[in-house]
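In: Structure, please.
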Amino acid sequence: MNKIILLLNTIKYLKFKQLYYRGYYFIRKKIKGFNYPLSLSSNSNELKFDFFVHHNKSYKGDNEFEFLNLSKKFDDKIDWNYKEYGKLWTYNLNYFDYLNQKEITKEEGLKLIYDFIDNLQNIKDGLEPYPISLRGINWIKFLIRYEIKDKKIDDSLLAQYYILLDNLEYHLLGNHLLENGFSLLWGGLYFGDERLLNKAKEILKEELNEQILDDGGHFELSPMYHQIIFYRLLDAINLIDNGKLRMDNGEFIEFLKEKALSMLQWLKIITFSNGDIPLLNDSANKIAPISSELFEYANKLLINHPSRLTLHHSLKTSRYRKIVKNNYECIVDIGQIGPDYIPGHAHADTFNFILYTKSPLTLNHSPLITDTGISTYDIGIARDYERSTKAHNTVEINNTNSSEVWGGFRVANRAKVIKIEENENYIKATHNGYEKKFGILHTREWIFKEDKIIIKDSLNKEAKAVFRLHFDDKTDTNEILQKVSFDERYKIVDSYVAKEYNQKIPIKVLEIYFDLELKVEIKI
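Out: Next up, the predicted model:
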């Protein structure tokens, strides 16, 4: 019964379009087995593209791959359905990002593409719409880079694009549908296919308007996914501008550039001065291009844009706040967990914050209070923990998450921020994540001074409450107790931070127990 209630409290937030397409795709699959053609007669165009950002090295040569810090060497032949490392690893194998790493030759790339095509009839996860989308872009980039004209590749690629066109991810929406749209743009331009191109423009116009907030942030509120979508947007601009491809009398490219400028400003604000992004929600390092690479890429494409010097964004719409003092940078989350209908990358982290402080030796900012990050997308104990309230720098009440995260990518009832007061050095906010179960509202105040941060937590009635602070791995127990002052019972426990997938670095977590009110001072 509890699982049914959880499911109903999840489904009620979905859009009708998502429910319709979930049902439609399910019934269609059951009624009629689809055997799509895996090769279609094609004619491709010569496109121009300037390579500014290369992917991390993931193909080591001789059928050896490394994704998500897990490596695999295939001895005889590549198993494109390899399952031992989880579905995300299999997806990465099928994305073909490695075609655009610096250390790959034309011959190596062609060998991998031919092997994939020859095994296409047996491939499973790789023919889902998301990996088709990313693979399509990567294949076309590779073909442009080495000026390859290959009928076998083109015919296979066109067939894959028509599989994608028939399976667009309307049941998911969010970044998945946006990736479908970007890829259809590449495919439409490469093949001169108006059907692909028209669908691409339809998706991109609608979804970029929906998904890019007024402050420039991506609405799923993950800095990592923001980097990914921003990168994809810059690539689209690069492709259209380089080929002098004028669509809609230049209105479409201007639309893309305005969105890119907005995303650029948001990323500049959210990025710490040392170049790190805060690992908020589903974010990890070494997945997307880093901020400095994206800043350089954007400068090359957008430097002469007339709107460039007139944009002055904050993080108001995404409801992150960044406070910068001489000795520290602090990012605070006082927003909703994400879009109601697609919270799959959200965590139960309302009122979480991350703190970087200046080192007296190097004068660079480095993490002091960090976020747990994510080590996996596989459903299980680690995924449940990393999305939980316990894994973030906020208050957990009665051993319960502030938002009901479950099933890897689902959220049932979720915390809403119902009140905010703020000025330059002060933030006060209240959320209702515990109201339905316990009748409790949680209010948090941050007071930002040059030499310390004061945090006050208050509940409207007594409860079993724990405030946790996750310290970076370079901080020991003695340093924690020197930096943080409070008057309540506490314990220092062992945990970990996952700055990358499949990586768990041991850290110390300070747990402070209270029942109604708590005041904590963090000395800088």
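In: Any buried residues in stretch 377-393, and which?
Out: By neighbour count on 16 or more other C-beta atoms under 10 Å, the buried set for stretch 377-393 is 377, 382, 383, 384, 386, 387, 388, 389, 390, 391, 392, 393. (C-beta placed from N, C-alpha, C; glycine too.)
In: Report the rounded mean pLDDT for that stretch.
Out: Average pLDDT, stretch 377-393: 97.
In: Stretch 245-256 too?
Out: Average pLDDT, stretch 245-256: 84.
In: cool, and stretch 175-191?
Out: Averaged over stretch 175-191, pLDDT sits at 98.
In: how far is that stretch from where the chain is centred?
Out: 18 Å (C-alpha atoms, centre = their mean, to the nearest Å).
In: do the same with stretch 400-413
Out: What separates the centre of stretch 400-413 from the centre of its chain is 18 Å, taken as C-alpha atoms, centre = their mean.
In: Stretch 37-47 too?
Out: Counting by C-alpha atoms, centre = their mean, stretch 37-47 is centred 32 Å from the centre of its parent chain.
In: Give me the residues contacting it.
Out: Contact partners of stretch 37-47, identified using C-beta atoms under 8 Å, 6 or more residues apart in numbering, comprise 120-121, 140, 143-144, 149, 151-152, 154-160, 162, 189-192, 239, 242-243.
In: Straight-line length of it, end to end?
Out: Taking C-alpha to C-alpha, to the nearest Å, the first and last residues of stretch 37-47 lie 26 Å apart.
In: who does residue 507 bridge with?
Out: Beta-bridge partners for residue 507, by DSSP bridges, are residue 495.
In: Quick one: the buried residues of stretch 377-393 as TSV, columns for distance to residue 500 and secondary structure too.
Out: Below are the buried residues of stretch 377-393 laid out as TSV (distance: C-beta to C-beta, whole Å; DSSP: H, G, I helix; E, B strand; the rest coil):
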residue	distance to residue 500	secondary structure
377	13	coil
382	14	helix
383	15	helix
384	19	helix
386	13	helix
387	17	helix
388	20	coil
389	23	helix
390	21	helix
391	16	helix
392	18	coil
393	20	coil
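In: so where do the strands sit in the stretch 251-400 of the chain?
Out: Taking DSSP state E, counting those that start in this stretch to define them, one finds strands in the stretch 251-400 of the chain at 320-324, 328-333, 353-358, 365-369, 395-397.
In: In JSON lines, list the ones you listed along with mean neighbour count and distance to residue 248.
Out: Shown next, in JSON lines, are the strands of the stretch 251-400 of the chain (neighbours: other C-beta atoms under 10 Å; distance: least, C-beta to C-beta, whole Å):
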{"stretch": "strand 320-324", "mean neighbour count": "19", "distance to residue 248": "34"}
{"stretch": "strand 328-333", "mean neighbour count": "24", "distance to residue 248": "38"}
{"stretch": "strand 353-358", "mean neighbour count": "23", "distance to residue 248": "41"}
{"stretch": "strand 365-369", "mean neighbour count": "21", "distance to residue 248": "43"}
{"stretch": "strand 395-397", "mean neighbour count": "23", "distance to residue 248": "50"}
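In: circling back to that earlier point, which pair in the buried residues of stretch 377-393 spans the largest distance?
Out: The span of the buried residues of stretch 377-393, defined through C-beta to C-beta, is set by 377 and 393 at 22.5 Å.
In: which ones are touching the residue nearest the centre of the chain?
Out: Nearest to the geometric centre of the chain sits residue 225, at 2.6 Å (C-alpha atoms, centre = their mean). When contacts are counted by C-beta under 8 Å, 6+ apart, residue 225 is found next to 175, 218, 282, 283, 288, 345.
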